[in-house]
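Novice: predicted model follows, preceded by the sequence.
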Amino acid sequence: MRTSNLKELLNSKVRERSREDILKAMGYSPVRQSNRDRLDKVLADDTLGLEGKDYDLKYDSRGFVEALCKAVGLDYGEHEAEVDETQDWIVTEREAFQPYLFADTGFKRADRPNTSVVILAALESKRNLCLSREARLAPRDKVIEEAVETVRSHYRETGGELPVWGTIQRYLLFLAPGESVVIGTDGSIQGEGPRHVPSRAGAAV
């Protein structure tokens, strides 16, 4: 997650005054608990709440940061470029591909023709392992490193068996659309994998 320099500055300034005074200087009158909660949330967030769509009939996310800067004596104009960069990062991160792992058991529908498609669809998520959100923009080697640890942990916890799907033969790490790497059940990297997940189960209503 991106760390904001402005966050540190704001937190330092806020410690010099009471939150009540700061919120009043921002135009909140009377000061409500919801205002205090929002201030605390923004100060604790690495993106200063800019990622959310908070709006309290007074400020949107960016407007809140601007008003907060002014209330604690910071020149918002001097930090606006950082706010722009943070919002650009948020958009880039949001639109980036989310790497994930697929536990491949080599399952084929023909292997269990009597298994309900509804049941298969309900258990589909058991074959997909999520990586951290930070993996979206992390360097490739860091994503693979996280994936290897996830594989080892998952294989240990499941004993290498998935209900209905069967014995895990390998894991596929999808790094980008149409790009995967094969990871063995022991966490070893075994080379390039298929462009797509071998099979999917779905149920339409």
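Specialist: Right, received. Where do you want to start? Numbers count the residues shown, from 1 in each chain.
Novice: state whether residue 30 is indeed within a strand.
Specialist: No. Using DSSP: H, G, I helix; E, B strand; the rest coil, the assignment for residue 30 is coil, not a strand.
Novice: how far away is it from residue 20?
Specialist: 10 Å (Cβ to Cβ, to the nearest Å). C-beta coordinates here come from the backbone N, C-alpha and C atoms, glycine included.
Novice: who has more neighbours, these two?
Specialist: residue 20 (13 against 8; other Cβ atoms under 10 Å).
Novice: and the more buried one, what are its phi and psi?
Specialist: phi -60, psi -50 (degrees, to the nearest 10).
Novice: name the residues of the lowest-mean-pLDDT helix or strand in the chain that are buried.
Specialist: Ranked by mean pLDDT, DSSP states H and E, the weakest helix or strand in the chain is helix 117-123, scoring a mean of 71. Buried positions in helix 117-123, judged by neighbour count with 16 or more other Cβ atoms under 10 Å: residue 120.
Novice: what does the helix or strand just after it contact?
Specialist: Later in the chain than helix 117-123, the nearest helix or strand by DSSP states H and E is strand 128-130. Strand 128-130 has contacts (Cβ atoms under 8 Å, 6 or more residues apart in numbering) with 98, 100, 101, 102, 103, 150, 151, 154, 171.
Novice: secondary structure added to those, as a markdown table?
Specialist: Shown next, in a markdown table, are the contacts of strand 128-130 (three-state DSSP):
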| residue | secondary structure |
| --- | --- |
| 98 | coil |
| 100 | strand |
| 101 | strand |
| 102 | strand |
| 103 | strand |
| 150 | helix |
| 151 | helix |
| 154 | helix |
| 171 | strand |
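Novice: out of those residues, which comes closest to residue 74?
Specialist: Taking Cβ to Cβ as the measure, residue 98 is the one of the contacts of strand 128-130 closest to residue 74, at 34.9 Å.
Novice: surely the closest one is in contact with residue 131?
Specialist: Yes. Counting by Cβ atoms under 8 Å, residue 131 is a contact partner of residue 98 at 7.4 Å.
Novice: compare these two (neighbour count), which wins?
Specialist: The neighbour comparison of residue 98 against residue 131 (other Cβ under 10 Å) goes to residue 131, with 19 against 12.
Novice: list the contacts for that one?
Specialist: 98, 99, 100, 101, 143, 146, 147, 150.
Novice: sorry, back to before: helices or strands up against the least confident helix or strand of the chain?
Specialist: The criterion is 3 or more Cβ pairs under 8 Å, 6 or more residues apart in numbering; DSSP states H and E, and there are no helices or strands that helix 117-123 contacts.
Novice: between the contacts of strand 128-130, identify the one with the most neighbours.
Specialist: Counting by other Cβ under 10 Å, top hit in the contacts of strand 128-130: residue 171 with 27 neighbours.
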